[in-house]
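Asks: Show me the folded form of this:
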Amino acid sequence: MSDDVIHRFSFADAPIRGQWVRLSGSLAEAFGRRDYPEPARRLLGEMMAAVSLMADGIKFDGRVALQARGRGAVTTALAECRDRQLLRGIVRFDDDDTREAGADGAGALGNEPSLSSLLGNGQMAITLTPDADTAQAYQGVVALDDDSLARNLEAYFHNSEQLPSRLFFAFDGDTVTGMLLQRLPVADLATELTLDLHEDTWREIEMKADTVTEAELGGLPVEQLLRRLFHENTVTLHAARSLEFSCTCSRERAENMLKALPKEEILELLETQGMVDVTCEVCGARYEYDHVDAHVLYEPGEPRVH
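Replies: Numbering: from 1, shown residues only. The predicted model follows:
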């Protein structure tokens, strides 16, 4: 099984759902082709963990994306999960000096930058794009009122989805771990006593979860973590699901992009450079085209020879 996994867990004594995710391989793919400074790595890692948890929680066939547009050092940060399994993400900066600030986050980003200093007066949105052509996409705005991504997402879940939630992240530079707890709606016929008991249990679970340290969340296996936090509760840990990095780029998409450009412009590039290449800015994959490829591109009836 992949090192990148997500688990669900549930509590026997209350309608509370838990999820736990740990990503390392996907982050290595997202980070590997870019010299992201540490603050940007943390931001992207937390965002990729967040979309993994959201996609798993709603059992959504399609694309769940979390995107931030900023006016600070970071202009765009995007993380998405497709079909509850396939991840990708990218961070874009205001200028090259910021990107080259170094792995410790010094320079333009500062030593310990806050979310507000990274994004400035930015915006964040959650977008759900279903696979089915007949279904409508949904977008919700995440208010950036706090310097913690987790706290901002908690507020979104509570205000927009009416789901009281607690979200925790741990990041060590290469691996991100996330844990999400949510109090689910109860049946319409639930008695006042039952509602009070569920409220008390939720508060108890919240208090126990609040004792977790970043070292514990990021270092302990999920089984040990749940025993450490909730040993007095009856918790069921469900089977793991694998996650992996996967970009949506392809040679076909690159060719369609080139076809949208004036033919004369492509031919001029071939004359001056001998080759036209398209590089995916998310995963870094390169698609190269020479004179023969370009000829086939604009004369699709001609056979391609390699």
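Asks: Tell me where this structure has strands.
Replies: Taking DSSP state E to define them, one finds strands in the chain at 5-11, 16-23, 62-69, 74-82, 86-93, 123-130, 138-142, 165-171, 176-183, 235-237, 241-242, 244-245, 276-279, 286-289.
Asks: can these go into TSV with extra columns for mean pLDDT and mean neighbour count?
Replies: Using the backbone N, CA and C atoms, a C-beta is placed for each residue, glycine as well. What follows is these, written out as TSV (pLDDT from 0 to 100; neighbours: other Cβ atoms under 10 Å):
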stretch	mean pLDDT	mean neighbour count
strand 5-11	97	19
strand 16-23	97	23
strand 62-69	94	21
strand 74-82	94	22
strand 86-93	93	23
strand 123-130	94	17
strand 138-142	94	14
strand 165-171	98	22
strand 176-183	98	25
strand 235-237	97	15
strand 241-242	96	14
strand 244-245	94	18
strand 276-279	74	16
strand 286-289	75	15
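Asks: Throw those into CSV and include distance to Glu265, thanks.
Replies: Listed next are these as CSV, based on distance: least, Cβ to Cβ, whole Å:
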stretch, distance to Glu265
strand 5-11, 45
strand 16-23, 40
strand 62-69, 29
strand 74-82, 26
strand 86-93, 25
strand 123-130, 32
strand 138-142, 35
strand 165-171, 43
strand 176-183, 41
strand 235-237, 57
strand 241-242, 43
strand 244-245, 33
strand 276-279, 10
strand 286-289, 13
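Asks: Arg42 is nearest to which of those?
Replies: For Arg42, the closest of those is strand 165-171, at 4.8 Å, according to Cβ to Cβ.
Asks: which residues touch that closest one?
Replies: The set of residues that contact strand 165-171 without belonging to it, under Cβ atoms under 8 Å, 6 or more residues apart in numbering, is 41-42, 45-46, 49-50, 53, 149-151, 153-154, 157-158, 176-183, 206, 209-210, 212, 214-215, 217-219.
Asks: switch the cut-off to 6 Å
Replies: Counting by Cβ atoms under 6 Å, 6 or more residues apart in numbering, strand 165-171 makes contact with 42, 45-46, 150, 153-154, 157, 177-182, 206, 209, 214, 217-218, all of which sit outside it.
Asks: before we move on, what about stretch 56-69?
Replies: Contacts with stretch 56-69, where a contact means Cβ under 6 Å, 6+ apart, come from 6, 19, 47, 50-51, 54-55, 76-84, 119, 122-131.
Asks: which residues does His167 bridge with?
Replies: You called it His, but residue 167 is Leu. Under the criterion DSSP bridges, Leu167 forms beta bridges with Leu180.
Asks: I'd like the distance between it and Arg151.
Replies: Using Cβ to Cβ, to the nearest Å, Leu167 is found at 8 Å from Arg151.
Asks: and what of Leu163?
Replies: In this view, Leu163 and Arg151 are 15 Å apart by Cβ to Cβ.
Asks: same thing with Val222?
Replies: In this structure, Val222 lies at 23 Å from Arg151, with Cβ to Cβ as the measure.
Asks: Give me the more crowded residue out of those two.
Replies: Under the neighbour definition other Cβ atoms under 10 Å, Val222 and Arg151 were set side by side, and Val222 has more, 20 against 15.
Asks: so the more buried one touches Phe9, yeah?
Replies: No - in terms of Cβ atoms under 6 Å, Val222 does not count as a neighbour of Phe9; the distance is 7.8 Å.
Asks: could you point out the longest helix in this protein?
Replies: What stands out as the longest helix in the chain, according to DSSP state H, is helix 38-58.
Asks: just the angle between that helix and strand 138-142, please?
Replies: Taking axes from the mean of the first three to the mean of the last three Cα atoms, to 10 degrees, one finds helix 38-58 and strand 138-142 inclined to each other by 130 degrees.
Asks: i'd like the first residue to be 813 from this point on
Replies: Okay, using 813 as the starting number, the last item reads as helix 850-870.
Asks: what about the protein, any weak spots by pLDDT?
Replies: Filtered on pLDDT under 70, the chain yields the residue ranges 813-814, 907-925, 946, 999-1008, 1091, 1093-1097, 1106-1108, 1110-1118.
Asks: excluding its backbone neighbours, what's nearest Asp1089?
Replies: In space, and not counting its chain neighbours, Asp1089 is closest to Glu1100: 4.6 Å by Cβ to Cβ, 6 or more residues apart in numbering.
Asks: distance of that neighbour from Glu841?
Replies: Noted for Glu1100: a distance of 21 Å to Glu841, by Cβ to Cβ.
Asks: ok, now Glu1018?
Replies: 34 Å.
Asks: So for these two, which residue has more residues nearby?
Replies: Here Glu1018 and Glu841 are compared on neighbour count by other Cβ under 10 Å; more neighbours surround Glu841, at 21 against 15.
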